[in-house]
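> Please find the sequence and the predicted model below.
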Amino acid sequence: MNPPIVAGGHTRIRPFNTADTYPEQNLSNDLCQAVVAGSTVYVRGQIGQDLDTSESVGVGDVEAQAERAMANIDRLLQEAGARMEHLVKLTVYLVDPRYREAVYRTVGRWTKGVHYVSTGVVVSALARPEWLVELDAIAVIPGTQETSETRA
């Protein structure tokens, strides 16, 4: 795992280059798994992939992929100094609407009592054909956000 870096005044968690992640594709983009900008944590879309090895897990099993994606989100939030309870927005991308129930049941186990907002989108494909679901997240760490009183 690459250590976090600060660029543009924001902390970049697990920086990487797409040439390493997608060697079969002609790409070279500097990205990271999460960005901490002030009190907000933006988590890159997570799929059924091991964060440390980049190996796909749960191939053919949307529930296993959703489980891994949520575990990745939880881990990245922790690395960013946040917790799942700080989740404010989750976007769910599915390649088939029939996967909705299995994915949302899995997500629900991870987010019980959180009451975040969510958007679900059905897409024709994800970056690799074996990926069936992708989840991205936004969290806000309490106690550090600017309020209308502090801006006045």
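Now that the structure is in, tell me what you want to look at. Residues are numbered from 1 along each chain as shown.
> only C-alpha atoms for contact and neighbour calcs from this point on.
Noted.
> who does Cys32 bridge with?
Cys32 has the following beta-bridge partners by DSSP bridges: Pro15.
> Run a quick neighbour tally on it.
Here the count is done by other C-alpha atoms under 10 Å, and Cys32 has 19 residues near it.
> didn't it look like it was pressed against Arg44?
Yes: in this structure, Cys32 sits in contact with Arg44. The criterion is C-alpha atoms under 8 Å, and the distance is 7.4 Å.
> immediately after the lengthiest helix in the chain, which helix or strand?
Here the longest helix in the chain is taken by residue count, with DSSP state H as the criterion, and it is helix 62-79. If you walk from helix 62-79 toward the C-terminus, the next helix or strand you reach (DSSP states H and E) is strand 87-94.
> residues making contact with that following strand?
Outside strand 87-94, the residues within contact range by C-alpha atoms under 8 Å, 6 or more residues apart in numbering are 100, 114-123, 132-140.
> Swap in 7 Å and give it another go.
Taking C-alpha atoms under 7 Å, 6 or more residues apart in numbering as the criterion, the residues outside strand 87-94 that touch it are 116-123, 132-140.
> What pairs with it, parallel or antiparallel?
Paired neighbours of strand 87-94 in the sheet (DSSP bridges): strand 117-122 (parallel), strand 133-140 (antiparallel).
> Among these, which comes closest to Ala7?
Ala7 sits nearest to strand 133-140 of all the strands paired with strand 87-94, at 19.1 Å, using C-alpha to C-alpha.
> That's all I had, so thanks and see you.
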